[in-house]
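starting from these lines, generate the structure:
(chains A and B)
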Amino acid sequence: MTAPVLYLDGVSVVFDGFRALNSLSLIVEPGELRAVIGPNGAGKTTMMDVITGKTRPIAGEVRFRDHDLTRLDEAAIATLGIGRKFQKPTVFDALTVFENLELALKAPRGPVACLRWALSGEAARRIEAVLDETGLASRSQDRAAILSHGQRQWLEIGMLLMQDPELLLVDEPVAGMTDQETEHTAALLRRIAGGRSVVVVEHDLEFVRALGRRVTVLHEGSVLSEGSIDHVQNDPRVVEVYLGR
Amino acid sequence: MSATLASPAPPRAAAARNVLRWVLIGAVLLLALLPVLNRLPLDSALHVSDFVVSVTGKWITYAVLALAIDLAWGYAGILSLGHGAFFALGGYAIGMHLMRLIGPRGVYGHPTLPDFMVFLGYRELPWYWWGFDHFPFALLMALAVPGVLAAVVGFLAFRSRITGVYFSIITQALTYALMLAFFRNDMGFGGNNGFTDFKELLGMPLNTPNARAMLFYASLASLLGAYWLCTRVTRSKLGRVLVAVRDAESRVRFLGYDTTRIKLFVFVLSAVLAGLAGALYVPQVGIINPGEFSPGNSIEAVVWVAVGGRGTLVGAVLGAFSVNALKTWLTSVAPDLWLFALGGLFVAVTLFLPRGLIGLLRRREP
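As a prediction, the model looks like this:
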C-alpha cells in the first residue's frame, strides 16, 4: 500500500460556535484526481483553508506526506509543494501569457538574480510544456488582459504547474465558464493528475461527471458519501441533502 | 526553440518602434550639436545663444531625474513625492566640492574655510566636510548619500507594507524635513543661502563656453547612460516582476518573491540616479540652496513623468523636456500663471491623457 499524499483525520473547525468542519476525514492518494462537492456551507472552502494553513483546526490530524500541516504557515506549506488556485484568477494583465508563466517558474527570486536572468533552453522547454498542457500555446505572446475568462483560469492553473506542486487544490474552476470551456477544464485537470494529486472543489455536477473520478460529498462539515459519481448520485442521503429541501 | 519563443511584435508596433528609435537618435544628435552651434559667430543664422545651451543642459539633468522617478513609479508603482530630496543631496555633495575648490579666493580670503563658515565663526572644517576636496569622493557621496537614505526609508516603509498614498506622504514629509534642516545655519551647509560663487571644476573655470560645453556633454552622456541602465532593468525579468508588483503585489509575494527586497532595490537605484542628476545640475546653474528640497519641486518632477507618459522611459524624458520648455516660456511671459498651469496640466493629463504624451503616439498598444 502506498502512503497517501494527503491525510485528514477527525478534523474540526469552529467559527464563533459554528462547526464549519465536524470530524472530517479524507485521504488522497498519489496521482489521484478527487472531486469534492457539497451544498453551500458544507465546509469545502474551509477544508481547503485548513490544508493550506489559512485556518487552524481545533482538533484532528492534517498531514501532507510526513509533514504535520497544522504546525506550518501558508508560505511554508506552499514551499512544501501544495499549490492552491483561488476562485478569482489573479494573473498579471500587463504581461504576456509566456511572461506570466516565466515569473512563476522556479528560479532564484532576488532582484539581482532577476536582473541577470536569461531564459535557458530548459526553462523555455518547461514553459512550452505548460503552454501545451494548458492549451495556451497559441496565446503565448498575448497579454493576459485580453484572455477570455476560461483562458485566464487555465493560465492561473499553468502558473501553479510552473511551481511544480505535488498536490494541487483547485477551488471552483468552472464557475462562469461556457460548456466548452468546462469540458476543456475537465480534460486539463485529468491530464494534470497522474503526475501529481489534484483536489477539485466544485458544485457543478456535470463537470464532476466529466472528471469521472472518485467523488467526496461533504455535508455540514463532514463526509456524507464517497465513491463514483453514479454511486454518490444514487446514495439516498445525498439525494435527500441535494434534493430533499 | 519553437516560434512562440521569439517575440513577434505586431508589424505596425515594430515599425512605430523603429521610427521612434530614429527620432530619438536624431534628437540626441541635435542636442549634441548645440554647444558646437554656440561657437558660431553671433551673426550666423545657426548661432545658438549661451542661454539656450545652459537651459538645455539643465533640462537634460531634469530628464535624468524624470527617468529615476519613472523607474520607481511607472514600473514598480512606488510614487515618491520626495525625489527632489535625492536630487538636492546629490547637488549638495558636488556643491561642497565646488566650495572647497574656491580655496583662498573667497571674500574673506580664508585658506580653507568657505565664506559662510568664516562668517559664522567656524574655526575648522567640520568632520563631514572631510574628503570633499577630492572630486571622486564628492561624486561618490553624490550617489551614495541619496542611495543610503533611500535604503533606510525604503526598508522601514516597505517592510511595514506601507504603500500607495501613505508612502507618498512619507517621502513628501522627508523632503520637507530635510528642507527645514538645511535652512539651519548650524547644519554647516550654508543655511538659507546654500552654496554659490563657485570658481572651477576639475581645473576648468566655470562660466566659460568650454566649461558649459563639457558639463553639457557630461549631462548628455549621463542621460544616455541612465537611459541604457533603465532599459536594462525594465527589459529584464526584474522589469516584469516590477510591473507585477505594481499591479498585484500580494500575488507576487504569493509566487515566492520577496517584494520588499525587489522594491528596495529599485527605489535605491532610482535615488542614486536622482543624486547623479543633482550632481550634474548644480555646476551648471551655479547655486544650490535649501529651496531645492521644497516639496513643490518633487511634485513638479512627478508631473513631468505624468505628462510624458509613465511606464515608458521615452515618455519620462519627453515630459521633462516639454514641461520645462513650457515653464521657461510661461515664466517669462506670465510668471504668476505658472503654478496654475502646472496644476491644470496635471489634472488635464490625469483626466484626458492617462498615458501621457507618449500615449498619443502609441494609441494602438493596449
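
what stretches of chain B score poorly on pLDDT?
Applying pLDDT under 70 to chain B flags residues B:1-13, B:362-366.

for it, what spans make up the helices?
Residue ranges of the helices in chain B, as given by DSSP state H, are B:11-38, B:50-70, B:83-102, B:115-119, B:135-159, B:164-183, B:209-235, B:237-254, B:259-285, B:295-308, B:313-333, B:338-352, B:356-361.

and if you look at chain A?
A:44-51, A:74-80, A:97-104, A:111-116, A:121-134, A:149-162, A:179-192, A:205-211, A:229-233, A:236-243.

who are the packing partners of the second one?
Looking back up the chat, that one is helix A:74-80. On a contact count with 3 or more Cβ pairs under 8 Å, 6 or more residues apart in numbering or on different chains; DSSP states H and E, helix A:74-80 meets no helix or strand. Quick note: C-beta positions are derived from backbone N, CA and C, even for glycine.

ok, residues contacting it?
For helix A:74-80, contacts defined as Cβ atoms under 8 Å, 6 or more residues apart in numbering or on different chains pick out A:51-54, A:64-65, A:67, A:69, A:72, A:84, A:163, A:166, B:254, B:256.

least confident of those residues?
Among the contacts of helix A:74-80, residue B:254 has the lowest pLDDT, at 75.

any idea how far that residue lies from residue B:232?
Distance check for residue B:254 against residue B:232: by Cβ to Cβ, to the nearest Å, it reads 27 Å.

repeat that for residue B:99.
Distance, residue B:99 to residue B:232, by Cβ to Cβ: 35 Å.

more crowded one of these two?
Between residue B:99 and residue B:232, counting by other Cβ atoms under 10 Å in any protein chain shown, residue B:99 is the more crowded of the two (28 against 13).

now that one: closest residue in space that isn't a chain neighbour?
residue B:114 (4.5 Å; Cβ to Cβ, 6 or more residues apart in numbering or on different chains).

do the same with residue B:199
Nearest residue to residue B:199, sequence neighbours excluded (Cβ to Cβ, 6+ apart): residue B:102, at 5.2 Å.

swap in residue A:83?
Leaving out its chain neighbours, the residue that sits closest to residue A:83 by Cβ to Cβ, 6+ apart is residue A:165, at 3.5 Å.

now residue B:126
Looking at residue B:126 with Cβ to Cβ, 6+ apart, the closest residue is residue B:188, at 4.7 Å.

which residues does that neighbour contact?
Residue B:188 sits in contact with B:117, B:122, B:126, B:128-129, where contact means Cβ under 8 Å, 6+ apart.

what of residue A:84?
Per Cβ under 8 Å, 6+ apart, neighbours of residue A:84: A:48, A:52, A:78, A:160, A:168-171.

quick one, phi/psi of residue A:65?
Dihedral pair for residue A:65: phi 50, psi -120, per degrees, to the nearest 10.

which one of the contacts of helix A:74-80 is nearest to residue A:141?
When those are ranked by distance to residue A:141 (Cβ to Cβ), residue A:163 comes first, at 22.3 Å.
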